[in-house]
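J.: give me the fold of what follows.
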Amino acid sequence: MQNDFEQARALFVDGVAHFEAGRLHEAEQCFEASLKLLPGRASTRINLAATRLRQARPAEALAELDEVLAAEPQHLDAWCHRAAALIALGRPADALTHSAHVLGQDPGSATAWHWQGLALEQLRRFDQAQQAFERVVALQPTQADAWFHLGQLQQRQRQLPDALHSLDRALALAPTHAGACSQRGWVLKELGRTEEAAAAFERAIELGADAELHRFVLASLGRAPGPAAPPRAYVQSLFDDYADGFDEHLVEVLGYQAHQRLIEPLLQWQPQGFDSALDLGCGTGLCGSLLRPMVRRLHGVDLSQPMLERAARLGVYDRLDCADLVEHLSRCDEQHDLVLAADVFIYVGELGPVFDGVMRVLRRGGLFAFSVEQAGDGQASVLTTQLRYAHGLPYLRDLAARHGLQWLRADALPIRQHRQDNIPGLYVSLRRG
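T.: Reported below is the predicted structural model:
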């Protein structure tokens, strides 16, 4: 028995060493072997669970932790790790109850505050999440990851100098923290410190951050060639994150009117209304409510599922699809007599593939109406410092002519505001002959 204990202990120690060195497969093997010798040891099960969490296997981690808590219901470390597993499984409300349970017995647990902060962030309770991470750094000021999360939350709350301070603290503690370096670049960009922002993004790429995304941002700063289109993951995450307060921020804060200005003249061209309309990049359905009275069938498509869930609540769309709009246009079997895209092409870039797809689904005599941010006449498609694309009027006229579309109208009017300045736009109506 003593020999089993010693062997189990040695395997446990080896497992911890492998875990700390990032050798997760070897760590898992050691912990499993140790448990065969001493099956009931809670610390070994918790370390095995932590290893499986690091391996992105939260369900298996949860099973180990349940075994611990069945034997020791008040094992606080197991409760903390279970909160971590639940966050990884997308169950932040359950994780919050777990972290609260630990904090009820140990208010000074930095680990529990950490998981509570992440759970609150997933639940979009950002003020409370920030407070949780403020507690973490107060309790453990040398925890780089906590400073990183705090900086992210401060940036979200527009506390930019505080965010920069937190991210600097994170990088002082962990100079190779790619996430903190990247986030620092975003803060510096928002502060208008372009040179420093570019250096931060370049360093983030060196540290292993998403090269496609960061080169896209560098292009907006004039430090790299502009890509024909933005990274798909960037656009999707932007709008997934934006879904909850999208309508209010866009209309009330940014003075957005593109949906109204684009739709108002449609009945001038087709007074009897439309049989079928396709709302490209429909988002939360701002256009849908205005289109519904003039169309028999209304179809929306968007890359963001959270946006579509908001749109579905309006009850105005007959069908909603989650898809990239160019891919959707290339495979859609339906035909429409109206295709509309309000403030969508700012996240598309080169519009040739879009026009190709529209010609595939637009019936003869049908209308294609869209808005864009207006670039200078000498420019075709240009990436702005705001990570949006602007398009020139001659470029749009050329696209319409090459695709056999009749030019009906192009109104030069603002799209939205940015820092109290109007963003110039074009509202274009075309007809397929």
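
J.: hey, let's count contacts and neighbours off CA atoms from now on
T.: Fine.

J.: for residue 112, see how far away residue 104 is.
T.: To residue 112, residue 104 is 10 Å away according to C-alpha to C-alpha, to the nearest Å.

J.: these two: which is more packed in?
T.: Taking neighbours as other C-alpha atoms under 10 Å, residue 104 and residue 112 compare with residue 112 leading, 28 against 11.

J.: quick check: the gap between the more buried one and residue 377.
T.: On the measure of C-alpha to C-alpha, residue 112 and residue 377 end up 56 Å apart.

J.: cool, residue 14 as well?
T.: 67 Å.

J.: cool, residue 174 as well?
T.: For residue 174, the distance to residue 377 (C-alpha to C-alpha) stands at 47 Å.

J.: the two: which is more packed in?
T.: Between residue 174 and residue 377, residue 174 has the larger neighbour count (other C-alpha under 10 Å), namely 16 against 11.

J.: show me the contacts for the more buried one.
T.: Counting by C-alpha atoms under 8 Å, 6 or more residues apart in numbering, residue 174 touches residue 144.

J.: for it, give its distance to residue 23.
T.: In terms of C-alpha to C-alpha, residue 174 sits 20 Å off from residue 23.

J.: surely residue 35 is in contact with residue 43?
T.: No - look at residue 35 against residue 43 with C-alpha atoms under 8 Å: they stay out of range, at 10.1 Å.

J.: pick out whichever of the two has more residues nearby.
T.: Between residue 35 and residue 43, counted using other C-alpha under 10 Å, residue 35 has the larger neighbour count: 20 against 14.

J.: shouldn't the more buried one be within a strand?
T.: No - looking at residue 35 with DSSP: H, G, I helix; E, B strand; the rest coil, it is helix, so not inside a strand.

J.: just the pLDDT for it.
T.: Residue 35 carries a pLDDT value of 94.

J.: next: residue 315.
T.: pLDDT recorded at residue 315 is 96.

J.: equivalent analysis for residue 286, please.
T.: 88.

J.: how about residue 245?
T.: As predicted, residue 245 sits at a pLDDT of 51.

J.: point out where the chain drops to low pLDDT.
T.: When residues are selected by pLDDT under 70, those of the chain lie in 1-2, 242-256, 417-420.

J.: which stretches of it form strands?
T.: Counting by DSSP state E, the chain has strands at residues 274-280, 295-302, 319-322, 336-341, 362-374, 381-383, 389-391, 405-418, 421-432.

J.: any chance of those strands in a markdown table, plus mean neighbour count and distance to residue 348?
T.: Shown next, in a markdown table, are those (neighbours: other C-alpha atoms under 10 Å; distance: least, C-alpha to C-alpha, whole Å):
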| stretch | mean neighbour count | distance to residue 348 |
| --- | --- | --- |
| strand 274-280 | 23 | 11 |
| strand 295-302 | 20 | 12 |
| strand 319-322 | 16 | 16 |
| strand 336-341 | 23 | 11 |
| strand 362-374 | 23 | 10 |
| strand 381-383 | 24 | 10 |
| strand 389-391 | 26 | 7 |
| strand 405-418 | 17 | 16 |
| strand 421-432 | 20 | 15 |
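
J.: which stretch among these comes nearest residue 213?
T.: Nearest to residue 213, of all these, is strand 381-383, at 13.5 Å by C-alpha to C-alpha.

J.: which residues does the closest one contact?
T.: So strand 381-383 is contacted by 219-220, 226, 349-350, 375, 389-392, 395 (C-alpha under 8 Å, 6+ apart).

J.: next, format the residues you listed as CSV and append distance to residue 67.
T.: What follows is those, written out as CSV (distance: C-alpha to C-alpha, whole Å):
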residue, distance to residue 67
219, 51
220, 52
226, 53
349, 53
350, 55
375, 62
389, 54
390, 57
391, 60
392, 63
395, 65
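
J.: among those residues, name the buried ones.
T.: Among the contacts of strand 381-383, those buried by neighbour count (16 or more other C-alpha atoms under 10 Å) are 219-220, 226, 349-350, 375, 389-392, 395.

J.: from those residues, which land in helices?
T.: 219-220, 395 (DSSP state H).

J.: neighbours of residue 264, how many?
T.: Neighbour tally, residue 264, other C-alpha under 10 Å: 11.
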